[in-house]
Structure formats: structure tokens, C-alpha cells
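Student: this is a predicted model, with the sequence first.
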Amino acid sequence: MSATAILNTDGTDGSAQLRLSGDWRADCAGRDAVVAAFERPAFRHAVLNGAEITDWDSRLIAFLVRLLSLCKKNNVEYTLADFPDGVPSLLDLAFAVPEHADARPPRRPRDFLVWLGETALQCRSSVGKAWDFSRRTYAAALRFAAHRAVVRKQDVLAEIQAAGAGAFPIVSLICFLIGLILAFVGSIQLKMFGAEIYVSSLVAISVTRVMGAIMTGVIMAGRTGASYAATLGSMRVNEEVDALETMGVSPFDFLVFPRVLALSLMMPLLTIYADFMGIMGGGFVGVFMLGLSPDDYFRMTLSALTMRNIVIGIVHGAVYGVIIALCGCYQGITCGRNASAVGSATTAAVVSSIVWMTVATAVLTVIFSVCGA
Amino acid sequence: MTKPFLEIKGLTVAYGENVIMHDVDFTVNERDVFIIMGGSGCGKSTLLTVLTGLKAPEKGTETFAGKPFWGNGATKADRDALMRKAGILYQSGALWSSMTLAENVAMPLEQYTDFTPAEIKDLVALKLDLVGLGGFQNYYPAEISGGMKKRAGLARALALDPQIVFFDEPSAGLDPISSKNLDDLILQIRENLRTTIVMVTHELPSIFAIGTNSIYLDARTKTVIARGNPNELLKNPPNETLEHFLTRGKK
């Protein structure tokens, strides 16, 4: 038998009878109508009878709590009659501690000016935090140069290995595929003019000048930058950063600087490797899909390669390395002290790395253009 | 005659406009096992971050071993120097996860002493032996249990033979036997190394077993509402809130 709630308000003495019956582990069809009647009661006393309830779970309790709360709010007296064992004591428990009205978060006015002011204050606070982080990282670099920083050599080497050799497989795969895609898409256009051989030049110039660095940067932002944020964020949650600070060891010396150093050193090398893999990917399309001879392809590639483009790519890579390491470490070291904050820090590290990489690319492009490069 | 080691006067602590506690005064004497007790959310752990220099108070002074720590012109360099006389055991142990237990304990010794590697190795073995972790030198924190992590954290806190050790809820997450063993260990350390202990906890068995002096921080009034030996406070509670706390609401 399904749950039913029948409200009888015909009493001449200003009272109402609510009879609950059936299996209250299922939905009750008349529930909303009963709640509506209790919201604007036409009675001064309600008798709630549960004698015919055959089974129940927390939904019955939640329904009764709702009704009794409305009774209290509307000054309606109530009586509970013949409810199954457990129901009255659960209701007592639910009402034992009154709701803390002041525990509700304050309602924030959604006024535009308020929003604007709050946003401006948040921006100022973020800029202040970023400035403090940069200043302390710079100070750690100076201490490292003066051999006064607390840095373990094995930590720096481990970070270099993780950011360098550890990234080889993913950089190999992605940059090979990028070279392949560039060559394949370029060949479709070049074929129309019978100029397939220039696919090699297209791939060589685009990959070495900027694409190799950008793709490596995106990979490293997702792989290493996110890892920095998650690692430092977890250390913050586990009080490991506090333990360093109370011992008088700067986390910037011990945690941040080794990572910034490792990634700044490895990114230019990874960029050169990414250039090589991109050219190999282009070569794969040129030789196996366009029918060019390997000799011709790589001769044309060598003729298109210039030291200027390679150096520009390496500069991009180095700048991206610094950006990714700083964004990852910043998000990690300023992370909140709970698990979801670590997730947010990781996401923010990747997003901010990519945004600042894009900004840096625009700035570097302008600089190189102005310099005639 | 015991001398005061830690003196707190008129301390007010806040996060932005949210005042966590105000006008907190207390003195920790040498060799005390001083308990900072209070219900959940009263600011006990926040107070510990202030006492150990991680968070600045809004107002008030802290004097540490007779020297200013907060206020009275104390600088960060002063605090860093004074904290070398202190050890801290965090709630989770806070062992550095990328290092073995031996490396964790050795770190403060490498940082602040000019001992030879051989001396440091012997000291690390000794500190781990003292907390019952002899032989676990090459284990990483992820490879040991929660109770062992706390013991290893204690070994690290004791590395520099501190004059005072701060404990943040040392019994949290431990079974009753491990908790009692840790209490015994804390007492042994206090007796044998002549250390002052400051412990933040709300574990009543620990409070009564090892506490020699205490304060009770009240979440509602946001200040200290009782102070004294915990066993004396149990006999003569100065207010209903503390009586409720010490008797788990039975009276």
C-alpha cells in the first residue's frame, strides 16, 4: 500500500486531523497539498495520526519535521498520535537544538557597485599576493646564487629529472603528431600548386620558431605545472609547509626555487627536442604519404632551418618554463587547507600558465618583430 | 622555583574582521605540561599557530624564554632564532613526504648545527630509538602507520634538543592504547630531556593524565574562561561550561 496523507479540516472546534497510512518508504501523492494547508492553516490545533503506517524511512521524518515547523511558525498546536516506535524520538532529536539563525551565510546584495568594489579589492589582494610571491622567489634565487639557500642537491636533481627526462615520452608523442598534422594540412593546399616539397619548409619554420615551444609549454603546463601545484598544495594541507616555516627554513628556498630552476633549465632543452620530433612527424607525412624522397625532404628542411628561428623558439621555451613553474608553485604555495582547494589550485595553475604563456608569446612576437627577427 | 618560559599578554587573534579570540593571557612555566583545551572551533589550533610564529596576532605580546616573540619590537629574525629552541608535533605529523624518516629528523640538524654526517647519523638513530622507531630510518612517511608518523614527527621535533615542544592534538586519530603510549612518551620526554610541553587537545584522558596546568578557551565568549591544573578544575569547576566539558556533559 502506497503512502497516503489525508487531511480532514471539517472539525467544528478549529482542529484538523491528519491521517498518515501505508508504506512511507515511497512517495506520498498528497504531500504537497498537505504542506500547502499547513502553510496557511485554517485550524488552531492539528492531530497527526500515524497508526496506519506500515513502514517508513527518513522521508517520513523529514515530512513531519516540515509540518511541525510550520505549526510552530504559525502558532498551531499539535499532537502526535500512534506513530511507530522511533518516530517520536527522532523528531525530538531533530528539534533538540534550535537552528542557529546566525549560522546562515549572510546574504550578499548583488548590486553592481558592490560587485565592482569587491572585484577591485580581490584584484588588489591578488596582485599583492603575486608580488609578494615574486619578491620571495627572487630573494630565494639570490640566496641560492650566494650559496645561502637551504636547498638539497638531490631535490634539485630529482626535479630536473622529472621535468626533463620524465617528460620525454609525452613530448615525443605530441610533437611528432603536431609535425604530422602541420605537414598533412599544409600538403592539402600545397598539392594544388604542385609544391608538396615545400611541406618540409613549412614544418621546419613553424615548428622551430614557435610551435615546438608552445606545444611543449602546453604539455608541461598540464603535466609539470599541475604537478607542482598539487604537490605544494598537498604539503600545505598536510602542514609540511608550516613545519618548514616554523623551523626557519624558507619554503621558497626549499620547495619553490628548485622547481623554478629545474623547469627553466629543462624547457629550452625540451623545446629543441620538440623541434626535432616535429620535423620527424612532418618527414613521416612527406616520405610515406606524399611520396617525397627522404633525401629531398631533409635537404629542404635543412635549407629552411635558420639559427635565428631556432634561437627564437628556445627563448620562447625558456620564458614558458619560468611562467609554468611560477604559476604552478604560486597556486600550490597559496593553496587553501582542504582537498578541494588542492583541486582548484591545480586547475588554476594550468589555466593561468596557458593564459600567461599566450600573453608572453604576444609580447615576444612584438619584441622580435621590432628587433627585425 | 619554576620560572616562566612562555608569557602571553592581551592576545587578540583575528582573520580579517572575524575575531577568533581576544584578551588571552597565560603563563607557561618551565617543565609544565600546559594544556590548551576547549571545544571544537574555539581557536585552539589557531592559538598554536600564533605561539609558534606562523600567524601574527592583532594585539598583545608573547615573551619566549625571556625574550620578545610578538610585540615589544620583536622581528621575524628574532622569532626564527627563538623557534630553534622549540619543537612542534603537528596533528598529522607533517613529515616531509619526499624524505625518509632519517632525512626528516636529520634536516634540522643539517640546517642548524655543524655536526659531522657521522654525528648526525648517530643522533638521528638515537632520536628514532627514543620514540620507538629504531630501524625505521629508511622508511618513507607513506610506508608507516598514523601512530608511527606522530612518533617520527616527535623525533624530528626533538632533533635539536628543544627547551619547549608544542603538540597539536597529538592523540587525534589514534586508538586508546596508542594514545596512552604517546602520553607516556610525552611524560618521559619531559622528565628526561627537561622539556616544557604545550599541548592543544580536547582528549580528556590525556588532559587528566599528563596536564599540570591549563587554560580553557571558550568558543562563545572567545577568550579564556578557566585556568589551572585540570584535575583541580575537575574537582572545583569555576563555571558550568568547563564543568560540562570536563565531565562530557554528564553533570
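Tutor: Arrived safely, thanks for sending. Numbers count the residues shown, from 1 in each chain, chains lettered A, B, ... in the order given.
Student: what residues does the stretch 151-251 of chain B have near chain A?
Tutor: residue B:156 (Cβ under 8 Å from any Cβ of the partner chain). For glycine as for every other residue, the C-beta is placed from the backbone atoms N, C-alpha and C.
Student: could you tell me which residues of the stretch 51-200 of chain A lie near chain B?
Tutor: Residues of the stretch 51-200 of chain A lying close to chain B by Cβ under 8 Å from any Cβ are A:150, A:155, A:158.
Student: mind listing what the last one touches?
Tutor: It stands for residue A:158. residue B:98 (Cβ atoms under 8 Å, 6 or more residues apart in numbering or on different chains).
Student: what do you get for the one 5 residues further on?
Tutor: Contact analysis of residue A:163 by Cβ under 8 Å, 6+ apart lists A:220, A:224, A:259, A:262-263, A:266-267.
Student: in helices, which of those residues appear?
Tutor: Members of those lying in helices (criterion: DSSP state H): A:220, A:259, A:262-263, A:266-267.
Student: show me which of those is closest to chain B.
Tutor: residue A:259 (12.0 Å; Cβ to the nearest Cβ).
Student: quick check: the nearest residue to residue B:161 once chain neighbours are set aside vs residue A:132, distance?
Tutor: Spatial nearest neighbour of residue B:161, excluding adjacent residues (Cβ to Cβ, 6 or more residues apart in numbering or on different chains): residue B:193 at 6.6 Å. Applying Cβ to Cβ, to the nearest Å, the value for residue B:193 to residue A:132 is 38 Å.
Student: who's more crowded, the two?
Tutor: For residue B:193 versus residue A:132, the count of surrounding residues by other Cβ atoms under 10 Å in any protein chain shown is larger for residue B:193: 14 against 11.
Student: confirm residue A:290 sits in a helix?
Tutor: No. Assigned with DSSP: H, G, I helix; E, B strand; the rest coil, residue A:290 falls outside any helix and is coil.
Student: count of neighbours near it?
Tutor: Neighbour count for residue A:290, taken as other Cβ under 10 Å: 17.
Student: got phi/psi on residue A:94?
Tutor: Dihedral pair for residue A:94: phi -70, psi -30, per degrees, to the nearest 10.
Student: how many residues are close by it?
Tutor: 14.
Student: next SSE after the helix or strand containing residue A:32?
Tutor: Per DSSP states H and E: residue A:32 is located in helix A:31-39. As assigned by DSSP H and E, the chain's next helix or strand after helix A:31-39 is strand A:45-56.
Student: what helices or strands is that following strand leaning on?
Tutor: The helices and strands touching strand A:45-56, judged by 3 or more Cβ pairs under 8 Å, 6 or more residues apart in numbering or on different chains; DSSP states H and E, are strand A:15-28, helix A:58-73, strand A:77-81.
Student: what is the orientation angle of that strand with helix A:58-73?
Tutor: Per axes from the mean of the first three to the mean of the last three Cα atoms, to 10 degrees, the angle that strand A:45-56 makes with helix A:58-73 is 170 degrees.
Student: can you list contacts of strand A:45-56?
Tutor: Residues contacting strand A:45-56 (Cβ under 8 Å, 6+ apart): A:1, A:13-25, A:38, A:60, A:64, A:67, A:71, A:76-84, A:87.
Student: separate out the buried members of these.
Tutor: For these, a burial check counting by 16 or more other Cβ atoms under 10 Å in any protein chain shown picks out A:15-24, A:38, A:60, A:64, A:67, A:71, A:76, A:78, A:83, A:87.
Student: any weak-confidence spans in chain A?
Tutor: Within chain A, the ranges that satisfy pLDDT under 70 run A:11-12, A:99-109, A:373.
Student: tell me which element the closest residue to residue A:222 other than its chain neighbours falls in.
Tutor: Spatially, and ignoring its direct neighbours in sequence, residue A:222 is nearest to residue A:350 (5.6 Å; Cβ to Cβ, 6+ apart). Using DSSP H and E, residue A:350 maps to helix A:339-370.
Student: buried residues of that helix, list them for me.
Tutor: A:341-342, A:344-346, A:348-350, A:352-354, A:356-357, A:360-361, A:364, A:368.
Student: packing partners of the lengthiest helix in chain A?
Tutor: Across chain A, the helix with the greatest residue count (assigned by DSSP H) is helix A:112-145. Contacts defined by 3+ Cβ pairs under 8 Å, 6+ apart place helix A:112-145 against helix A:257-288, helix A:307-333.
Student: the residue in the stretch 1-150 of chain A that chain B sits nearest to: neighbouring residues, count only.
Tutor: Here the stretch 1-150 of chain A gets closest to chain B at one residue, residue A:150, 6.0 Å apart by Cβ to the nearest Cβ. Here the number of neighbours of residue A:150 (other Cβ under 10 Å) works out to 20.
Student: next, give phi and psi for it.
Tutor: Dihedral angles (degrees, to the nearest 10) for residue A:150: phi -90, psi 90.
Student: ok, it - contacts?
Tutor: Here residue A:150 is in contact with A:249-250, A:253-254, B:111 (criterion: Cβ under 8 Å, 6+ apart).
Student: from these, which is closest to residue B:218?
Tutor: residue A:249 (35.5 Å; Cβ to Cβ).
Student: so that closest one, which of the three states?
Tutor: Three-state call for residue A:249 (three-state DSSP): coil.
Student: show me the longest helix that occurs in chain B.
Tutor: helix B:176-193.
Student: remind me what the helix or strand just after that helix packs against, helices and strands.
Tutor: Per DSSP H and E, helix B:176-193 leads on to strand B:196-200 as the next helix or strand towards the C-terminus. Judged by 3+ Cβ pairs under 8 Å, 6+ apart, strand B:196-200 is in contact with strand B:4-15, strand B:18-29, strand B:33-38, helix B:44-51, strand B:164-168, helix B:176-193, helix B:204-210.
Student: lowest average pLDDT across the ones you listed?
Tutor: Mean pLDDT per stretch puts helix B:176-193 lowest among those, at a mean of 88.
Student: which bits of the stretch 1-150 of chain B sit near chain A?
Tutor: Contacts of the stretch 1-150 of chain B with chain A, taken as Cβ under 8 Å from any Cβ, map to B:49, B:52-54, B:80-81, B:83-84, B:86, B:88, B:90-92, B:94-98, B:107-108, B:111-112.
Student: in helices, which of those appear?
Tutor: Checked against DSSP H, these include these in helices: B:49, B:80-81, B:83, B:107-108, B:111-112.
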